[in-house]
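> Okay, sequence plus prediction incoming.
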Amino acid sequence: MSPEEFRAAAHEAVDWIADYLRDARQYPVLPRIQPGQLIDCLPKAGPERGEPIEVILRDFRERIVPATTHWNHPRFLAYFANSASGPGILGEMLCAALNSNHMLWKTGPAAAELEQVALGWLRQWLGLPQEFFGMIHDTASSATMHSVMAAREAAAPQVRISGEYPPLILYTSEHANLSVDRAALTAGIGLNHIRHVAIDDEFRMIPAVLETAIKSDLAGGKKPFCVVPTLGTTSSASLDPLPAIAAVARRYGLWLHVDAAYAGPAALLDEYKRILEGVESADSLVVNPHKWLFTPMDLSILYTRRPEVFRRALSMEETPAYIETAGGERAVNFSEYALSLGRRFRALKLWFVLRYYGREGIERILREHIRIAHNLAAWISRDPGFELAAPAMFSLVCFRFRGTDEQNRELLERVNATGQAFLSGTMLNGRFVLRAAIGNIGTTAADVEAVWRLVKDAGRACA
Ligand code: PLP
């Protein structure tokens with residue numbers, strides 16, 4: 001592709017992106033397609049001869065876009081809604097252009113240093129301890145997997161050499177994200193060695209139950225090694241009581257990994273600083289800018305007080321010659337702290353986002369999301385046909401139609417089938433409930449009002 005051909009095609013692609021961002025509401029949030037439909041309409045084999053870029057871009061518009069679920073739609077309120085903001089998209093484009101790979105400082109000095117700068121800024125804004133070292137992962141699942149591996153290294157360093165495990169036990173809550181269990185599985189801990197600690201009536205881990213479980217495991221000859229509380233659980237955005245859990249972790253010498261993948265950014269706001277109370281004694285913490293910080297997928301941050309443990313967990317008897325590098329103290333080789341050798345220049349898009357909006361701009365958007373979520377919660381609690389299913393936390397509202405689970409599932413299907421909004425569901429207290437998660441940068445009060453009207457209409461149809 002010549003630079004001139006690239007320039008023309010890139011202008012076309014960027015025009016498409018700008019129109020897409022402007023007109024996002026005109027797309028159905030959920031595509032109206034059946035599984036396999038896209039596969040069936042694409043060629044069964046790749047092209048023998050290269051094709052013109054105009055044809056590829058046309059197929060992107062006509063085939064790929066209609067088969068896409070639009071996470072960037074302002075009425076996407078399912079799961080934890082996220083955003084590819086303008087500055088984030090630009091950062092992502094330039095990241096692809098540079099194609100930098102900072103497995104070593106030398107192979108990507110800008111990426112290695114910008115990762116420290118951007119994560120350092122965010123660390124300050126969140127009020128995290130200055131000694132926390134940050135590294136970027138693709139997802140919170142990877143970040144947590146690395147933390148569990150580091151926790152294992154800290155508790156049982158012989159495993160790295162022998163592969164023989166003592167009976168290590170990991171504790172998390174009944175409402176922890178499945179990524180915690182998978183992290184433990186990947187680190188070789190075994191499902192029988194994961195304890196899901198009971199929650200209270202607001203879906204928060206109960207520290208006294210945690211402590212009882214630890215004592216019982218110790219009495220049974222087991223080796224408690226790690227506890228993972230969540231700030232902003234997936235189902236209801238509940239907050240496990242970090243100070244009390246941190247105290248238990250300290251008492252029994254457990255690695256404390258905090259999953260703040262969704263709610264972490266709220267700590268930018270003075271009124272939410274308290275959610276990180278107790279974090280100073282955490283060994284590691286994960287927060288996802290690709291959830292509620294307007295950064296396109298994917299970018300998750302792992303902060304740790306003990307980076308040397310991550311490095312030790314992944315170190316070998318001998319470093320292969322092809323990766324050896326001379327470096328000074330300031331040359332951070334990120335691949336020493338994580339499984340993947342190659343690393344994308346993800347920090348670039350985060351740096352664009354942090355600079356473009358600034359701390360004040362980000363705070364304004366987060367506050368507005370929280371405000372409109374709480375408006376929705378107020379409408380729901382005043383409507384005799386509906387009820388809140390959990391306290392409205394941050395920008396998430398869990399609610400249900402006053403009817404059966406079946407009716408609630410039908411209501412959800414009806415709303416989502418309109419193509420005008422996308423909500424998701426979960427189980428709370430054994431009942432199916434609906435979730436409205438506000439997190440897209442384009443979502444306005446008017447969007448939330450429109451979604452609430454759709455929900456009420458669907459409720460009438462299901463009654
Ligand atoms: N932790 C929490 C609380 C989550 O809600 C999620 C996903 O929604 C995750 C972790 C996993 O995040 P990721 O998709 O980045 O692996």
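All right, it came through fine.
> Could you give the bridge partners of whatever residue of the stretch 301-450 of the chain ends up closest to the ligand?
In the stretch 301-450 of the chain, the residue that lies nearest the ligand is residue 437 (9.5 Å; Cβ to the nearest ligand atom). Where you see a C-beta, it was placed from the backbone N, CA and C, and this is true even at glycine. Counting by DSSP bridges, residue 437 forms beta bridges with residue 396.
> I'd like to know how far the nearest residue to residue 12 once chain neighbours are set aside sits from residue 42.
Of all residues not flanking residue 12 in the chain, residue 57 sits nearest, at 6.1 Å (Cβ to Cβ, 6 or more residues apart in numbering). Residue 57 is 15 Å from residue 42, where distance means Cβ to Cβ, to the nearest Å.
> So for these two, which residue has more residues nearby?
Neighbours per residue (other Cβ atoms under 10 Å) separate residue 57 from residue 42, with residue 57 holding more: 14 against 10.
> circling back: correct me if wrong: the residue of the stretch 301-450 of the chain closest to the ligand contacts residue 79.
Yes - judged on Cβ atoms under 8 Å, residue 437 makes contact with residue 79 at a distance of 6.4 Å.
> list residues touching both of those two?
residue 424 (Cβ atoms under 8 Å, 6 or more residues apart in numbering).
> Close to the ligand: what parts of the chain are there?
Within the chain, the residues that sit near the ligand (Cβ under 6 Å from any ligand atom) are 80, 139-141, 177, 179, 230, 232-234, 259, 261-262, 288, 300.
> Filter these down to just the ones in helices.
Judged by DSSP state H, these include 140-141, 179 as members of helices.
> Between those, identify the one with the most neighbours.
residue 140 leads these on contacts (other Cβ under 10 Å) with 26 neighbours.
> which residue packs closest to that one, ignoring adjacent ones?
Residue 140's closest residue in space is residue 261 (Cβ to Cβ, 6+ apart), at 3.9 Å.
> What of residue 455?
residue 415 (5.9 Å).
> pLDDT at the one you found, what is it?
For residue 415, the model assigns a pLDDT of 98.
> that's a helix at residue 59, yeah?
Yes - judged by DSSP: H, G, I helix; E, B strand; the rest coil, residue 59 forms part of a helix.
> Give the burial count for it, as a bare number.
Residue 59: 14 neighbours (other Cβ under 10 Å).
> tell me which residues in the lengthiest helix in the chain are buried?
The helix spanning the most residues in the chain, taking DSSP H as the definition, is helix 347-382. For helix 347-382, a neighbour-count test (16 or more other Cβ atoms under 10 Å) marks 347-354, 356-357, 362-363, 365-370, 372-377, 379-380 as buried.
> do stretch 453-463 as well
454-456, 458-459, 462.
> Quick check: which ranges of this protein have low pLDDT?
326 (pLDDT under 70).
> Break down it into its strands, ranges please.
Using DSSP state E, the strands of the chain run over 133-137, 168-173, 194-197, 223-228, 255-259, 284-287, 300-304, 386-388, 396-401, 424-428, 431-437.
> what's the neighbour count on residue 120?
Residue 120: 15 surrounding residues under other Cβ under 10 Å.
> who does the nearest residue to it once chain neighbours are set aside bridge with?
Residue nearest to residue 120 in three dimensions, not counting chain neighbours: residue 134, with 7.1 Å by Cβ to Cβ, 6+ apart. Beta-bridge partners for residue 134, by DSSP bridges, are residue 303.
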